[in-house]
Each structure stands twice: as structure tokens, then as C-alpha cells.
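Novice: Fold the stuff below for me.
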Amino acid sequence: MTFDVFFRVALVGASGAGKTSLINRYVDNIFIPRTTTTVGIDYKTKDVEIEDSTFRLQIWDTAGQEKFRIPLSSSIYKNAEAFIIVFDLTVEESLESVDYYFSEIDKISYKNPLIILVGNKCDLIENQIENVEEKLEEIAKGKEFKLFKTSAKEGTNVNELFYYIAKTLKENQPKQDQSVDNSNTNPTNNPQTIKLTESQTPKKVNKCC
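Specialist: Residues are numbered from 1 along each chain as shown. So this is what the prediction gives:
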């Protein structure tokens, strides 16, 4: 299948935050209650149609456990156009790990990547950490960030998250680079295509929940 632009999106974050579940929900529209811990890295792809263009997202899933934590030094990370830092809205230590990933991305990225913070498991309302936004502002140390609160289990804000990423990267892409010959360069991994309309774009605010 032809596409106009190819973007790498890397999910990083603490183990158990739901990175794999978010990808499964977005690409395959499934939720598996107990997934095995990701060891190493893996990816899936999905094509997104925005206006008259097709954008291929290659979405990389990474291990989050300390003993499996992969240094963000591989070409996958260095060339990523976007990073999603995922944390568990119910676990304080998961939230605190955001600082580590901010630092690592600053160290290794060749580009000026789009960085999105995602607090997952927003369906567990009674167990959520208090004052998440204020704590993130302290961790981010003045950096601007976009926060989505998602539920991979219920699908809340998952499509909106990836639509926002694709549309923002599209808007930031230089005009001369918006034509790609995909015949031999990028793996397909059986991508699926979704068509999202302008009305599904999240409002441009610092928080989506």
C-alpha cells in the first residue's frame, strides 16, 4: 500500500504502564488483560488518512523493566519523530520515571522530537494519583508537554492520541519531504488504515482526559 509519509513513534515508560496494551488497542482494537512483559523492542504499523494524505506510523514498543531497560541509543530512538512517555496513573513510581525518559530523550535524539506524556489506566478513577498535572510540571522542569489520559482497556483517548501525533507531525513536516517511495524502504507488518476527520482532533490544550 502506498503512503505519503513515514513516521517512527517510540513508546517508552515504566514496566506495567500499559505500553503494549495501548498499541494493541490502537492497531488491533483489542485488550488483553494480562500481557507478558515486553523484552527488548517490537513494533506494529498502522496507516492513518488525514485529509488527502496517508501517513504510516511505525509504533515501537519497548521494555520498561529496570533489568531490561534498553539505553535510548539505538537508531530507532535517535531517528524517532515522536516519543510517547507512558506512565500508570495509579502508581507514583511510574509517574516519577517520566523524569528519566525526558533526560534520555534529550541526550540521544538527533531531531527535535514531539514528546507526549500519557497517563494510562484513567478508568481506575478511585486509585489515581492526586495532583498529577502539578507533579508533571515539576518533573518537566519548565518543558512544554501535552498530556493525554488514556484507558487501553476501554479505548478512552487512544485513537485521539495517535491522531494528534500524526496530525502534528504532518503539520511540522517540510513540504519537500512529504512524498515517499515506500516500495522497498519500510516494513509493512500488515498495516491497517483508519480515516479520521477534523472533528476528532483534540483541542489544543495541555491536557486531554
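
Novice: going forward, measure contacts between C-alpha atoms and count neighbours the same way
Specialist: Noted.

Novice: just the helices in this structure please.
Specialist: In the chain, the segments counted as helices under DSSP state H are 19-28, 75-78, 92-96, 98-108, 132-140, 158-172.

Novice: can you tell which of these is closest to Arg8?
Specialist: helix 75-78 (7.8 Å; C-alpha to C-alpha).

Novice: Report all helices and strands that that closest one contacts.
Specialist: Packed against helix 75-78 by the contact rule (3 or more C-alpha pairs under 8 Å, 6 or more residues apart in numbering; DSSP states H and E) you find strand 5-13.

Novice: so the strand it packs on versus helix 158-172, what angle?
Specialist: 130 degrees (axes from the mean of the first three to the mean of the last three C-alpha atoms, to 10 degrees).

Novice: Can you list the strands that strand 5-13 pairs with?
Specialist: Counting by DSSP bridges, the strands paired with strand 5-13 are strand 53-62 (parallel), strand 82-88 (parallel).

Novice: Next, the angle from the first one to helix 19-28.
Specialist: Strand 53-62 and helix 19-28 meet at an angle of 150 degrees, taking the same axes, to 10 degrees as the criterion.

Novice: Show me what counts as buried in strand 53-62.
Specialist: For strand 53-62, the neighbour count (16 or more other C-alpha atoms under 10 Å) marks 54-62 as buried.

Novice: Please report the confidence value the model assigns to the closest residue to Thr156 other than its chain neighbours.
Specialist: With sequence-adjacent residues excluded and distances taken as C-alpha to C-alpha, 6 or more residues apart in numbering, Thr156 is closest to Thr150, at 5.2 Å. As predicted, Thr150 sits at a pLDDT of 98.
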